[in-house]
Each structure stands twice: as structure tokens, then as C-alpha cells.
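In: Next one to model:
(chains A and B)
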Amino acid sequence: MKHKKVNYSKWGYIFILPFFVCFFIFSFIPLLDTIRYSFYEYYRSGLKEIGPTFIGLENYKSLLQSDMLKYAANTFILWIIGFIPQIVIALLLASWFVDARMKIRGKQFFKVVIYLPNLIMASAFAMLFFAIFAKTGPINGILESIGVIQKPIDFMRTTLGTRSLIGIMNFLMWFGNTTIMLMAAIMGISPDIFEASELDGCNSRQRFFRITLPLIRPILAYTLITSIIGGLQMYDVPQILTNGQGSPDRTSMTLIMFLNSHLKSRNYGMAGALSVYLFIVSAILCFIVYRMLNPKEESR
Amino acid sequence: MKKRLVSAFLVAAMAMGTLAGCGGGNGGSDSDTQGGGSASSSDEGKIINIYCFNDELKTRVNAVYSKVDKVSDDGSTTYLTDGTEIHWVQNPNQDGVYQQKLDEALGNQATASDDDKVDMFVAEVDYITKYTDAEIDVAIPLEELGINPDTDLADQYEFTKTIGSDINGVQRATTWQCCPGLLVYRRDIAQDVFGTDDPEAIGEKTKDWDTLAATAEELKAKGYYVLSSYADTFRLYSNAIPEAWVSSGSTTVRVDQKLLDWVNDSKEWLDAGYFDPSVSGQWNSDWYTAMAPESKVFSFLFPAWGIDTQIKENCPDEGLWGVTTPPQTFNWGGTFVLGARGSDDEEHIKEIMLELTADSDNLVKISQDYLDFTNTVTEMDKAAEDDANFSSSYLGGQNPFAYYAPAAKEVKMAPLSTYDQGCVELFQNAFGDYLQGTIDYDKAKENFETAILERYPDLTDVQWPE
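Out: Numbers count the residues shown, from 1 in each chain, chains lettered A, B, ... in the order given. Alright, predicted model coming up:
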């Protein structure tokens, strides 16, 4: 009697099918359309539809002549301001939380608390900041009454103020998420290694830099990549905080806000071209980061 | 290796997916033409879909339209006595959401089923030309509905008819309200500084720009500010431009000298300390704070709706405010009603338009109940004399119509263009940065050019006055 082999892999494909069907219809086709429209002049003036007329690379050229690179720089600065404290604090907290010797009480409670800001909608968070950092808002009130400042500071009217606020908001929203991810990574390291290192007389700083950090590199890479993609798409916080204007002097205008201002006139051509640029940039960035953090792949 | 390739592809696909969300996904959300609520019995009987951005029109139609039978509990449907239902489709004005939804629905007008078609919609002065455009023809001319503007709307203020007309002078929109602006001042501050809060005496001190500047100096000496910020005066200047921002057929934005006058005058007043330094712009919490009783700001420039919806919200105490002559007449806002081409309810549209905007009894009722300054010359002139019925306890017993009525007659509307909304918004923004000292004058000009050409891809250049 012949044993019939059951082919389980078929079920695997069937189970992942719904995702790929949805992805194909709702993401892949629109994606190709976006790329196609980027070669067309296609927008609305009032209720009049202009186009679509094929214009080749015109949209790409005029984008390069516009302030796009300036907005790219803005986006990068805003991302860095938020990301540096985010990764530093997250690493610190993660290594403290998992350190068996520190015996921190109420770990669970703190984990929930640091994750909470992420649950607030970014736009609500931005509105909250807008209100408390207003010129007549509570922060100025407190600072004035304890005598730190004489005159109210107009945070939203200075480049530094606006950028810092956006950075702080992004940091507050995301450091909890990163902390939890890094904690999982550190807990995945075998305790034997830590024990062995202690027997060899390793101090806590050495342990962190020589053992923890190298071993969680894959997760760090993941954090960096997702954060870069998220940073490139930074939109809601600066949009709400500056009322969509990227004020002052368009210094907090991000790329996606720029994209959005094209969509106000339904300028699908220009917006498509910008999306393609964004895609290329994020693909390159991801590739660089991936290579940087996995140099060994080469030799395999 | 093969596995690596597959996983690399999957990661790339997901990354592309996340990016595609921002590129392709924004335009296509379909509009919800059913007003929600009790739409189940929609198979028989006609349905009138009215697109609006707040409940202003709804409350007024419910209050005055003779055929209104009852309103559903959630307010989304109005039932008429002849079995017709009005479905209110409300979307917020902020960030162009209302216009986006409306444009979407108007675009589908040809293919939508009769019950889903837009029948009526509202538009504000800032963007009304987009919808009254003769070539696009989305709004039914009033004459086609059976309304003769010359006889049926004879009592309306002339400038509201001009706003509602297309380039050939065919009227396509009508309104029940009229928004001449006044200077709304704090009575207690007036008492403190000038020793009187009598509107006539104060009016002498605010009648033109030079006098107002002298008044500002007096106020400053006592620690008060004449106005909250330069943004408050912008409408007065921008309403006085002799030619449209973009004249029809042209692709050049022409910035009028009047607008640069606004920049220069504002700079002067700001440096002189006439404005409250903590306020920049409008519609933000600093601006609202300036309306509160403890604020040091003497006055605001507002039409009737401003007192009712802005000042009253932030300063509920009665008798603190009064109204008087502004330094220059101006009109701010106004909601117009339009009938949508392709509608199957033209008879109802005609009735609603006539009863809401041309029936003097109804208009007087709206003026009394909702404090609107309504679009009827003779009744408003009567109201100006009729202190017994029209004085407002909120304004300390003053009859504001005595000031609105003459102001409304003097309003001259600047010629409109489709690009006004963006021009007004972006100009104030760019020069707001300049006035705050963030950037210099030339940079502000440059920023305005960048922003306006970005917003309207069909515009080609910006021309500044010599």
C-alpha cells in the first residue's frame, strides 16, 4: 500500500491568499497607477479637469526645480530631532527593565505608561501641544509665574521652537514602542552569555556595549528602517501643529505635507512623481541601513 | 538564497504598500450621499439631498419652510408634508473637506440614481465662483427654476446678487443673509478710556483709519490694544481691491497695491504697539482668549455672525459689548444656496429658495431668532428704526441693525475669482511670517509665490505692483 503524502504547503498558500488578493487590488494596482500618472499632466482647476496628457518627465523636472529638496531636509531634521532621544532613551530603559539585578518594581505599570502616548491619535496630540504651548497657554503661564522668563515665548513662531515641539512629540509617541521592542530583543539573548561575562569580570558598561548591543543588532536595524520610513512619511503632527503651512517660513514643511498641498488641487501627476521620488529614496535608505548593519551577509 | 529573495520581495512589497497609501489613496473616497439615519423608506417619495458644511441652513429651513412637517431625532432628515424628505449631508468646511465631498458628488451627478443626486448645496463667498461658473454649469440659473431675480428678489441687497451671478450676469445663487461688518467694541474699556460707551460717540473715534490710529494711541496710553491683530483688518483691505486676484482667462496672480498697503500699515501699527502681541492670526486659541472679558483688546471687526458665533462663545456675559461704525465698510462671508444641475426636485428648490431668501416675513423671523442680518432692504431699514423689537440685550440693549443697515448699502464687493480662497489664505500666511519678524519682506513675497503656484498648478506667475 502506498502512503499518500499530504501536501501541507498548499494550505499555507491558501491561508496567505486573502492578504495577497487584497494587497494586489487595493495596493498594487493603485501603486502602478500612481507611477503611471506621474508621467501625465493631470489636475483640476476649480471643477474643470485638466488632462490627463502625457508629458514624459516634466513633473520630475519641475519637482527638482521646486523646493522639494528643502522639504526633504526639513523632514530629515525633524526626524533626527525625534529619533536620537527616542533610540537612546529606549535603549536605556530597555536595558534597565530587563536587568535582573536592578529589581525595578512595577515594571508592568511603567511599560503601560510609556506605551500610552502611542495610543493617542497624532492629530489629537498635536492639538494638545498647540494649546499648551500657545503664547497665552499654560506652559508660558507657569514659566512666567515662577519667574523663569519675563515675556511669553512664542514657540510656534520660531523655527527652533516648532521643530523641537514636533521632535518632542514624535519622541514621546514612539519611544515606548521602541522600548518594548528592544526589551523583547534583549530578553531573547541567552542569560548564559551574561552570566559567563560576569564570571569573566565584565562590568555593566562593557556588557552593554560588547554583548547586548551587538546581539540586538537585527532588531535595531528593524527599528531604524521602520523609523526612517515613518519619518519620511511624517505628516500629521506638523500638519496639525502648523495648520498645514509648515510655518514659520516653511521650515517645518515635510515631504508629505508638500504632497498633500498638491492634492488640494487634485494634482495627481505631480503628486505621483513626488511619491515615486519618495519610494526611490526610501528604498535606497533601507538598502544602505540593511547593508550597514549586516556586513557579514556579503561573505555568505 | 531563494528564500532570501522571496522574503526580500515581500518586504519590498510591504514597503511599497505603505508608501502607496500616501500617494494613491487620497482622492478616491466615495461620498456618502445618504444622510444617514432613517433612510429606509426611500423607495417611494422623493428625496432632496442638500450638501452643507454646518447646520446654519438646516435650522433656518426647518424654521421657515412652510412644508416642513417634522425633523428626525438625529436631525439628519427633514420630513415635508407632501411626503418628500430632505436629507442633510453635512461635511466640515475645514481643510477643504466639504468642497472635496461636494465636488465628488457633483462629478457623479450624471450617473447617480435620482435619489442619490445632489439637489441643493451651499457655498461661501470665498469659493462661490467655482460653482457659479457659466462654462461648468453645475448650478442651475435661477431663471430656469422659475425665479425672476428682477422681480422675485427685488428687495435683496444688490451686491449679494452680484456675488451670486456668473461672468455673464446670470444669477445662479441666492442667500438669506448679508454680512456687512461693524466694529464691535468693549463698553467697559470705552468707559475707562473715553468716559463714554455711547455707540455714536465711539463711532466718531473709529470712523476712518487715521482717526482709529489716534484712538489706538489713546487706548495704548491706558494699556489697551485697539484690535487683536493685523489679521483682523485684512478683510477690509482685500474687499477693496478694484480688480480680481486673477482676472478671467489669465494665469497671472496680480497682487493689488491695497494688499501691500495692508502689510505696511500692519507693520506700522504692530511696531507702534496697537495690536495685542500675544495674538497672531485668527481662529486660534490666542484669538479667542482676546475676546474674553479679562482681555485688553478693545475691538473686533465682525459681521453679525461673528458676534453670535465667536464673541458670544468666548464672552457669554451680557452687556459688555457694543457695535459702531467700522473704519471702512466691508463684507465678510455669507452662505449662498444653489440648485444642482441634474436635480429631479426643481420645484422644491424653487420653493425653498423663494421662502428662505425672498419672503420678508420669514427673513424678519430669521433676523429675530438667529440675529442674522437678512437679505431684505426694506425690512432691514425698518428694523434699524424699530428698537423695541430688534435691540439686543447682549449688546447692552443696543439695536445693531441701526448700524448694519446703512453699512450694507455701502458694501462694494471686490471682483471675485476662483482662486480667491487660496490667495487670501496664503498671502496672509506668507506676510504673517514677515510681520512676526521671522523673515524679511522679499522672502515673504517669494514664499507667497511658491505657495500659490503650488496650490494652483494652472497659474504661471505672480505680478507685484510697481
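In: so residue B:300 makes contact with residue B:184?
Out: Yes: the criterion here is CB atoms under 8 Å, and residue B:300 meets it with residue B:184 at 4.9 Å. Any C-beta I mention is one placed from the backbone N, CA and C, and that applies to glycine too.
In: shared neighbours of these two, which are they?
Out: When contacts are counted by CB atoms under 8 Å, 6 or more residues apart in numbering or on different chains, residue B:300 and residue B:184 are jointly contacted by B:306, B:311.
In: quick one, strands of the stretch 351-466 of chain B?
Out: B:461-463 (DSSP state E, counting those that start in this stretch).
In: Please apply the same query to chain B.
Out: Secondary structure of chain B, counting by DSSP state E: strands at B:47-52, B:68-71, B:77-80, B:85-90, B:120-124, B:173-174, B:182-186, B:225-227, B:252-254, B:297-302, B:321-324, B:335-339, B:461-463.
In: winner for burial among those?
Out: Highest mean neighbour count of the strands of chain B: strand B:173-174, a mean of 28 (counted as mean count of other CB atoms under 10 Å in any protein chain shown).
In: Just the residues contacting it, thanks.
Out: Counting by CB under 8 Å, 6+ apart, residues outside strand B:173-174 touching it are B:123, B:128, B:131-132, B:139, B:142, B:147, B:149, B:153, B:156, B:160-161, B:163-165, B:336-338, B:353, B:357-358, B:375.
In: repeat for stretch B:421-438
Out: A:154, A:157-159, A:245, A:247-249, B:126-127, B:230-231, B:234, B:238, B:245-246, B:253, B:255, B:259, B:263, B:266-267, B:270, B:280-281, B:417, B:439-441, B:443-445, B:447-448, B:451-452, B:455-456.
In: Buried among the residues you listed? Need that as a selection in PyMOL.
Out: A single PyMOL command selects the buried members of those (16 or more other CB atoms under 10 Å in any protein chain shown):
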select buried, (chain A and resi 154+157+158+245+247+248+249) or (chain B and resi 126+127+230+231+234+238+245+246+253+255+259+263+266+267+270+280+281+417+439+444+445+447+448+451+452+455+456)
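In: And the closest residue to residue B:201 other than its chain neighbours, how close does it get to residue B:218?
Out: Excluding the flanking residues, the one nearest residue B:201 by CB to CB, 6 or more residues apart in numbering or on different chains is residue B:194, at 7.1 Å. As judged by CB to CB, to the nearest Å, residue B:194 and residue B:218 stand 7 Å apart.
In: The two: which is more packed in?
Out: Comparing residue B:194 with residue B:218 by other CB atoms under 10 Å in any protein chain shown, the one with more neighbours is residue B:194, at 17 against 14.
In: Just give me the neighbour total for the residue in the stretch 201-300 of chain A that chain B sits nearest to.
Out: Distances between the stretch 201-300 of chain A and chain B by CB to the nearest CB are smallest at residue A:275, namely 3.3 Å. If you count neighbours by other CB under 10 Å, residue A:275 ends up with 25.
In: looking at the chain, which helix or strand is least sure?
Out: Just so you know, I chose chain A. The weakest-scoring helix or strand in chain A, judged by mean pLDDT, DSSP states H and E, is strand A:48-54 (a mean of 81).
In: quick one: strands adjacent to that one?
Out: Note on strand A:48-54: by DSSP bridges, its sheet partners are strand A:40-45 (antiparallel).
In: which ones are touching residue A:294?
Out: A:217-218, A:221.
In: same question, residue B:384
Out: B:390, B:399, B:401-402, B:404-406.
In: who wins for most neighbours among the residues you listed?
Out: Neighbour-wise, the contacts of residue B:384 (other CB under 10 Å) top out at residue B:401, 28 neighbours.
In: Excluding chain neighbours, what is closest to the residue positioned nearest the centre of chain A?
Out: Note on chain A: the residue nearest the mean C-alpha position is residue A:230, at 2.5 Å, using CA atoms, centre = their mean. Excluding the flanking residues, the one nearest residue A:230 by CB to CB, 6+ apart is residue A:174, at 7.8 Å.
In: State the number of residues packed around that neighbour.
Out: 22.
In: For whichever strand or helix holds it, the averaged confidence score.
Out: Applying DSSP states H and E as the criterion places residue A:174 in helix A:159-187. Average pLDDT, helix A:159-187: 91.
In: ok now that helix, how far from the chain's centre?
Out: 9 Å (CA atoms, centre = their mean, to the nearest Å).
In: ok, the residue lying closest to residue B:263 once chain neighbours are set aside to chain A distance?
Out: Setting aside the residues directly before and after it, residue B:263 is nearest to residue B:431 in space (CB to CB, 6+ apart), at 5.1 Å. Distance check for residue B:431 against chain A: by CB to the nearest CB, to the nearest Å, it reads 12 Å.
In: Kindly report the same for residue B:447.
Out: Per CB to the nearest CB, residue B:447 is found 6 Å from chain A.
In: Now for the one residue in the stretch 201-350 of chain B that gets nearest to chain A, how many residues are close by?
Out: Here the residue of the stretch 201-350 of chain B nearest chain A is residue B:278; by CB to the nearest CB that distance is 4.5 Å. Residue B:278: 23 surrounding residues under other CB under 10 Å.
In: Hmm, residue A:137 and it touching each other?
Out: No: counting by CB under 8 Å, residue B:278 does not reach residue A:137; the two are 10.0 Å apart.
In: contacting residues for residue A:72?
Out: By CB under 8 Å, 6+ apart, the neighbours of residue A:72 are A:255, A:281.
In: So which bits of the helix or strand where it lies are buried?
Out: Element membership for residue A:72, per DSSP H and E: helix A:68-98. Going by neighbour count (16+ other CB under 10 Å), the buried part of helix A:68-98 is A:68, A:71-72, A:74-79, A:81-83, A:86-87, A:89-91, A:93-95, A:97-98.
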